[in-house]
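In: return atomic coordinates for the entry below.
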Amino acid sequence: WKVMSWTVPLPEGGYRVYAKGASEIILSRVTQTVEAGQEIMMTEPKVKHITDTVITPFAKMAMRTIGLAYKDIEGDQDLD
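Out: The predicted structure is shown next:
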């Protein structure tokens, strides 16, 4: 896998897990996106749009893209 993740404690309790890595890998694991402050379900058309308009054009110029995602988890969940 071309992904690295790390966990940060949140002030109000719980944790935020960040993951960064190859855009295609991160994008394949994302279930929601934040748009204008609202959580929206990630759909196949959105994934295709991001791939076609961002990832592929950069790849054609021999440039890499890196994805970044996060997930908040409760403090009593197992971090493994």
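In: give the buried residues for the strand or helix carrying residue 45.
Out: Counting by DSSP states H and E, the secondary-structure element that holds residue 45 is helix 44-50. Applying a neighbour-count criterion of 16 or more other C-beta atoms under 10 Å, the buried positions in helix 44-50 are 47, 50. The C-beta positions use only the backbone N, C-alpha and C, and glycine is treated the same way.
In: can you list contacts of it?
Out: 27-28, 30, 33 (C-beta atoms under 8 Å, 6 or more residues apart in numbering).
In: can you pull out the helices in this structure?
Out: For the chain, the helices defined by DSSP state H cover 23-29, 44-50, 56-60.
In: could these go into CSV alongside distance to residue 68 and mean pLDDT?
Out: Shown next, in CSV, are those (distance: least, C-beta to C-beta, whole Å; pLDDT from 0 to 100):
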stretch, distance to residue 68, mean pLDDT
helix 23-29, 7, 93
helix 44-50, 13, 95
helix 56-60, 15, 96
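In: distance to residue 11 added to the ones you listed, as JSON lines?
Out: What follows is the helices of the chain, written out as JSON lines (distance: least, C-beta to C-beta, whole Å):
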{"stretch": "helix 23-29", "distance to residue 11": "26"}
{"stretch": "helix 44-50", "distance to residue 11": "31"}
{"stretch": "helix 56-60", "distance to residue 11": "36"}
